[in-house]
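Asks: Got a predicted model here, sequence first, then my questions.
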Amino acid sequence: MARLKVTQVRSEIGTKRNQRESLRSLGLKRINDVVVKEDRPEIRGMIFAVNHLVKVEEVE
């Protein structure tokens, strides 16, 4: 199964509550935090909600 490397590149300050909660659910707390998650629809949905705050790469 594919995995996604998610890096927070922008601050959550000034964003909506659901966007801040999506970042926390992904495990991102500060700029330049990196997490590797399974490529599942739930994770894709959280990434879509904060796509302007994160950078996503596919990892083998």
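Replies: Arrived safely.
Asks: What count of nearby residues applies to L4?
Replies: 19 (other C-beta atoms under 10 Å). From N, CA and C alone the C-beta is placed, and that goes for glycine too.
Asks: Give me the buried positions along the strand or helix carrying it.
Replies: With elements delineated by DSSP states H and E, L4 resides in strand 3-8, which encompasses its position. Neighbour-count burial for strand 3-8, counted by 16 or more other C-beta atoms under 10 Å, picks out L4, V6, Q8.
Asks: nearest to E57, of the residues you listed?
Replies: Lowest distance from E57 to these (C-beta to C-beta) belongs to L4, with 7.2 Å.
Asks: sorry, back to before: and the strand holding L4, what does it pack against?
Replies: The contact analysis (3 or more C-beta pairs under 8 Å, 6 or more residues apart in numbering; DSSP states H and E) places strand 3-8 against strand 34-38, helix 41-49, strand 54-59.
Asks: Pipe the ones you listed into a markdown table and attach mean pLDDT per row.
Replies: Output for the helices and strands packed on strand 3-8, formatted as a markdown table (pLDDT from 0 to 100):
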| stretch | mean pLDDT |
| --- | --- |
| strand 34-38 | 98 |
| helix 41-49 | 97 |
| strand 54-59 | 97 |
